[in-house]
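>>> would you be able to build a 3D model of this:
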Amino acid sequence: MVLGIDTSNYTTSAAVFDGRDGENRSRLLDVAPGQLGLRQSDAVFSHVKRLPALLEGLLADMGHPTVEAVAVSTRPRAVEGSYMPCFLAGVMAARSAAAALDVPCYAVSHQQGHVAAALWSAGRPELLDRPHLAWHLSGGTTELLLVEPEGANVRATKLGGTSDISAGQVMDRTGKLLELPFPAGKALDALSETGAAKPFRVKTDGLTFSFSGLENQIRAFYQKTGSAADTAAFAIGSVVDAVLRLTRAAQAQYPGLEVVFSGGVASNRTLRKICPFGVFAAPQFSTDNAMGVAILGRRLLEAGAAPAAWPAP
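Just a heads-up that it's a prediction; the model follows:
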């Protein structure tokens, strides 16, 4: 059994995975009404408060299993300069648990965890060992990736995506405009089911697009129509249209590679409905979770990989 920990800017998560089955526990960070997220200092504080109880409940409900390794997400992406203080809360807990249990501690990225959770929950774990395309669609990230196996882990190379704000930010800012709770994805998705609107065609440049102009279009649409449902459909339809056009362009460049959709925005029903060729994470494993971190930790343990080398204090 491997314990996984993820402390993103939205969710505190812990999971256990035994090589086949697992259990994830997550809790959204509290965001004041009208706000679009937390300052990093507040996110770190919230994780530090919540993580002990989350771990206690998870391990108790699992019958206090023997943990053979701990894995943790240490940064948003496995690229130079990727850093967010909120991940320090998870690293502190993971290193402490591994030291107390005298087991190895493995470091992965939040993005790698998203890909692994998506493939496992979709019943396609074999793609962890084959090249494929993947979208990471979330509140902080909208990236089109080429994912390739790298030992027991995966390497994600950015091919394209947004050049400015993310798909999740478009959803959350639209939610704020419509006075929906944060994060707004789920409520906006439900609201859009009762609306209808022709999507705005976001301009693309190769495998890149910009969503900043879309935000202005959404605001103007709402001011013109006064319809919250139609505005929700307009916002989601415009995001989905841009994502699908880039997906087809990427498939033309990388023929034969399957396309995986991960991240909270990948749980959107409109995207799933009109994209039959995609591999989608189960909705509960689309949003931030520690399951993918635990899965990668198990793979690293089985491969006999060296534990993470932590910098000296």
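
>>> just the CA coordinates of the helix or strand harbouring V147, formatted as CSV?
Using DSSP states H and E, V147 maps to strand 142-150. Extracted C-alpha coordinates of strand 142-150, given in CSV (Å, rounded to 0.1, in the frame of the first residue of the first chain):
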residue,chain,number,x,y,z
THR,A,142,-4.8,24.6,-19.7
GLU,A,143,-2.1,22.7,-21.5
LEU,A,144,-2.0,20.3,-24.4
LEU,A,145,0.7,17.7,-23.6
LEU,A,146,2.7,15.0,-25.3
VAL,A,147,3.0,12.4,-22.5
GLU,A,148,5.7,9.7,-22.8
PRO,A,149,6.8,7.0,-20.3
GLU,A,150,9.9,8.0,-18.3
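
>>> now for it, which elements pack on it?
Strand 142-150 sits against helix 110-121, strand 132-137, strand 153-162, helix 228-253, with contacts defined as 3 or more CB pairs under 8 Å, 6 or more residues apart in numbering; DSSP states H and E. (Glycine included, C-beta is placed from N, CA and C.)

>>> outside of the third one, which residues touch it?
Taking contacts as CB atoms under 8 Å, 6 or more residues apart in numbering, the residues outside strand 153-162 that touch it are 77-79, 108, 111-112, 115-116, 128, 133-136, 141-149, 206-211, 246, 250, 296, 299-300.

>>> filter these down to the buried ones, ChimeraX style.
Per 16 or more other CB atoms under 10 Å, the buried members of the contacts of strand 153-162 correspond to this ChimeraX selection:
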select :77,78,108,111,112,115,116,128,133,134,135,136,141,142,143,144,145,146,147,207,208,209,211,246,250,296,299,300
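
>>> where does the spatially most central residue of the chain fall, phi/psi-wise?
By CA atoms, centre = their mean, the chain has its centre lying nearest to G263, at 3.2 Å. Dihedral pair for G263: phi 100, psi 160, per degrees, to the nearest 10.

>>> spatially, what comes nearest to it if we skip its sequence neighbours?
S138 (3.7 Å; CB to CB, 6 or more residues apart in numbering).

>>> how about the contacts made by G90?
With CB under 8 Å, 6+ apart, G90 has these contacts: 5-7, 47, 51, 72-74.
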